[in-house]
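1. Below is the sequence, then the predicted model.
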Amino acid sequence: MPKLNLEIPEELVQSLKLPRDEVPARLKQELALRLYEKGLLSFGKARELAGMTKWEFSRLLGKEGILRHYDLEEFEKDLRTLRELG
């Protein structure tokens, strides 16, 4: 599968207030959050980009004050799952 490489000038990377080794993961998380928030990525694809489990990404959304896009279809699916479990 082809990859997209994003070039960020070194001077900008150095201006980030993050330890150097945290920059790639943090930038992926930030991009995933914003694309999800704008409706450009689904929850599953955004959490995949962020490199997180669905629970970790859900917590991150909450921490950032981003509402989860939760429609009627997802609600009904969750209800079916709950009924099956119990």
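-> Perfect, thanks for sending it. Numbers count the residues shown, from 1 in each chain.
2. so what's Gln29 up against?
-> Gln29 sits next to Ala50, Gly51, Met52, Leu60 when contact means C-beta atoms under 8 Å, 6 or more residues apart in numbering. C-beta here means a position set from N, CA and C on the backbone, and glycine is covered the same way.
3. Drop anything exposed from these.
-> Ala50, Met52, Leu60 (16 or more other C-beta atoms under 10 Å).
4. from those residues, which is closest to Leu6?
-> Ala50 (14.9 Å; C-beta to C-beta).
5. how much space between the closest residue to that closest one other than its chain neighbours and Glu73?
-> Leaving out its chain neighbours, the residue that sits closest to Ala50 by C-beta to C-beta, 6 or more residues apart in numbering is Ala32, at 3.8 Å. Distance, Ala32 to Glu73, by C-beta to C-beta, to the nearest Å: 22 Å.
6. With Met52 instead?
-> 23 Å.
7. ok, now Ser58?
-> Distance check for Ser58 against Glu73: by C-beta to C-beta, it reads 18 Å.
8. And Leu82, by the same measure?
-> For Leu82, the distance to Glu73 - C-beta to C-beta - is 15 Å.
9. cool, and Pro2?
-> The value you get for Pro2 to Glu73, if C-beta to C-beta is used, is 31 Å.
10. same deal with Ala46?
-> 18 Å.
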